[in-house]
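K.L.:
Prediction below, plus the sequence it came from.
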Amino acid sequence: MIKYLLLFKRLLKKKSYILMLMVVPLMVMFLNIIGSAPSGLMTIGVCFMGDGEVSQAIKADLEENPGNFHFVFYDDVSQVGSDVRDMVLDEGWIVPDAVDWDILNMKAGIFIREQGISHMLAKEVFLSRVYPYYSKAFMNRYAAEKGYTEDLSAHFDSINVNSDLFEMGYFDEKASDSELDSTSYLLLPLRGILSLHLMLCAIAASMYYIEDERNGLFIFWHTRFKALREFVYYFVILFIPCIMMLLGLKLGGVFTSLIPELAKLLVYVILLIGLAAFFRRIINDTKKQGLSLPVVIFGSAIFSPVFIEFKEAGNLRMVVPSFHYLYSIHDMHFFYTMCIYAAGALIISCILAEFYHTSS
Amino acid sequence: MKYFKSYFVIQLKRIKKLLPGIALMILALGVLLGTGAYAVIKDGSYMADQKRYTLGYVGEADNSLLRSGIFLLENEDSSRDMVELKQYDAEEDAKKALRKGDISAYILITDEFMGQIDSLSNGSKLQYYATSGQKGITSVMMDEIAAVAGNVIVYTEKGILSLDQVMEDKEFSDQERILQMTDFFNEYVKAIMARDSMVQIQTVGMSDGLSTPAYYFTTLTLFLLMMIPFCGIWIFLGERDAVARFMAAKGLGPTPQVLAEMLAFYLLNLFGLILVTALLALSESIFKYNLGELIKQEGLSVYMLPLIFLLPCLVFSTMGFFLLDAIQGVVNKVLVTFIIDIFMAYVSGFFYPRVFFPKAVQFGSNFLPSGAALTMLANKQMGARVFEPSFMLWAYSIIFILMTILVRKARVKY
């Protein structure tokens, strides 16, 4: 026990360790500042040609309920087009004055740079924002054509229908109440980044272990269970980064609830230790361990949902530890697969540890 | 000068040990990214230049209104270019498909919801599941699609309910009301299907900047250049302080030490960049494609890449050297350097387009090494001004070299 505490003390001795502890909260603090500023999946410039009741109502709706888009309002149509071309805007909407007096026959203009799914979505968003007024006018025209003389507008305005028709659910029902729903999308990759961070910590721990082994640290450290010594060695190094990760998740607003977070993180750490110890047996060289870092970072960033969900990779993603961890947050299925993976990695590394111990 | 040359040669010999490993690492990355690219191209939707979201639905669409809606969405409506529908009998099948990535989301059509549609009221909500994992950009996009669909459904219902109320007040029979509502609904559907006629789309093109594929090719390459310094982490382990003091005692001060080491380190990173170029050139001849055409950047030749990325390679290698040298302890080196690198890469728009970020961040990222590198490359491609970002990159390189020298001097003195 004392030896493990001394290992821990050795880490704290280095001034750079304090820096290592600070970087995660500092990064989260900066991300929080960035996330709180106005931003959007797309920046859309909007120019209203008219200033009637409907134009003003649509403008107010865009201002108060931008959703995941950022709207900028223009007075000059040509400026919208040139700002789209100059990449100041992603898209430009020109709302004609006909929206105020002949919405059923209006033709709006949309400026885009290149075709793509996001522009198709933005077009649908535009049409859905105009649709409430279009629907009312359409209803009135239909009623008039069918001979109804009553004014249906009052009925239309008085009907209270639940506008939040769709609700996103998680497989893990409790997570539906999490603070995640109000978190800026800019902070969504935080958990992925921190999971990569922990993965690199495990590889760095392997390099540390190799150095200590070469320097003869374990010569006088006899133990019956080498696997246990290895495991605790890694755990000591990963312990504080785990705490910083939990703190980072909490500060970033992507934390779910304590017990599930702890459980999933613990299993993830066990998985990382098992894999790191296993690969250390195969690549027992700090040079080669260092060379593997970019591959690990790239591979994990691509095949686990850190920044994108790369579903086309199919089952190849299952090899990446962070894939299981990130998916386990709202789906117990992947928590179980992570447990199986962790158990397998741990058993193999224990067998290898004892095998090397007895053969030496 | 003599000592500098000898010391530099020693550094080159140290670097030489890493070259085979770097070659293997680049090859492994090439296989990784190639597998990814193959998976994407095999998916087919990227070939058609648009990726569709696949939406599953669970449950029988017993209701004729819902059945009509689904038929129209699958066959007639323009949104079929954006959303593809897939029906599942059991929720477990839809869950499996979501976990595998066969669908982007699925919705549960419950008996309660069907009842609400029949009575044209909605108190309950329709649950959709956009991810089985942590929330990401795809699920944010699905939120927007859900909001659009919800808006259209709700305000269509309001129109139908309004007319129904008037007919009820006028004491029309149930059958007359049903016939009228059905006709009204069909007219609404026709109007919704024809909504594209309400907009005229104009593609203005780009006056400067990169096409989307070129943008991501550039950011991916820049991110790789940021990661390559990790390959040389072995150089920064061991009794470096003692070696530095020894060399200083022998007449080679901190400044020439740092310059020799950094130059060798830069050559190591450059080697990585040249390998990437060679790999891309090889893949061009094997798979018979042209890089410039593939990423929609006319005039780009793969052999130009080392020249294009020369300055970013310099700034990332000096930055990597400074961080890995100044920070003590292998765990600290790796973790601090990684967090700084990935944070800079993220806010500079390497993973999400820069426009996702607030205006202040977009502007501020130009002053980061990563952001300046991206701006310089984008401007260079389009023939715009490169002086300011290039100056920034040179300035950063010099600053990192000077800071490394200062740290070395402190270590030698101590």
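P.N.:
Right, received. Where do you want to start? As the structure is a prediction and not an experimental result, all values here were calculated from the model.

K.L.:
Quick check: which ranges of chain B have low pLDDT?
P.N.:
Residue ranges of chain B with pLDDT under 70: B:1-2, B:36-52, B:60-82, B:113-114, B:116-124, B:131-135, B:205-209, B:414.

K.L.:
Residue of it closest to chain A, please.
P.N.:
Chain A sits closest to B:Gly101 of chain B, with a gap of 2.5 Å, by Cβ to the nearest Cβ. Where C-beta positions appear, they are placed from N, C-alpha and C, glycine not excepted.

K.L.:
in the stretch 201-350 of chain A, which spans are helices?
P.N.:
Ranges of helices within the stretch 201-350 of chain A are A:226-252, A:258-282, A:286-303, A:321-328, A:332-359, based on DSSP state H, counting those that start in this stretch.

K.L.:
one step back: so who does the residue of chain B closest to chain A touch?
P.N.:
A:Glu309, A:Lys311, A:Glu312, A:Ala313, A:Gly314 (Cβ atoms under 8 Å, 6 or more residues apart in numbering or on different chains).

K.L.:
Quick check: phi and psi on it?
P.N.:
Torsion angles at B:Gly101 (phi, psi; degrees, to the nearest 10) stand at phi 90, psi 10.

K.L.:
And it, how far from B:Tyr88?
P.N.:
Distance of B:Gly101 to B:Tyr88, given as Cβ to Cβ, to the nearest Å: 15 Å.

K.L.:
Check A:His324 too.
P.N.:
24 Å.

K.L.:
Give me the more crowded residue out of these two.
P.N.:
A:His324 (28 against 19; other Cβ atoms under 10 Å in any protein chain shown).

K.L.:
show me what contacts the closest residue to that one other than its chain neighbours?
P.N.:
Distances taken as Cβ to Cβ, 6 or more residues apart in numbering or on different chains put A:Met338 closest to A:His324, at 3.8 Å, once the chain neighbours are dropped. Contacts for A:Met338 (Cβ under 8 Å, 6+ apart) come out as A:Lys264, A:Val267, A:Tyr268, A:Leu271, A:Pro321, A:His324, A:Tyr325, A:Ser328.

K.L.:
From what I see, the third one and A:Pro321 are in contact.
P.N.:
In this case it means A:Tyr268. Yes - between A:Tyr268 and A:Pro321 there is a contact at 6.8 Å, judged by Cβ atoms under 8 Å.

K.L.:
show me the residues around residue 235 that make contact.
P.N.:
Using chain A. A:Phe235 neighbours (Cβ under 8 Å, 6+ apart): A:Val269, A:Ile273.

K.L.:
try again with chain B
P.N.:
B:Arg14, B:Ile15, B:Leu18, B:Glu261, B:Phe265.

K.L.:
Pull the most distant pair out of these.
P.N.:
The span of these, defined through Cβ to Cβ, is set by B:Leu18 and B:Glu261 at 13.4 Å.

K.L.:
For the most centrally placed residue in chain B, which non-adjacent residue is spatially closest?
P.N.:
Residue closest to the average C-alpha location in chain B (Cα atoms, centre = their mean): B:Phe351, at 3.3 Å. Nearest residue to B:Phe351 in three dimensions, chain neighbours excluded: A:Phe307, at 4.1 Å (Cβ to Cβ, 6+ apart).

K.L.:
Right, and chain B sits closest to which residue of the stretch 201-350 of chain A?
P.N.:
Closest point on the stretch 201-350 of chain A to chain B, by Cβ to the nearest Cβ, is A:Lys311, at 2.5 Å.
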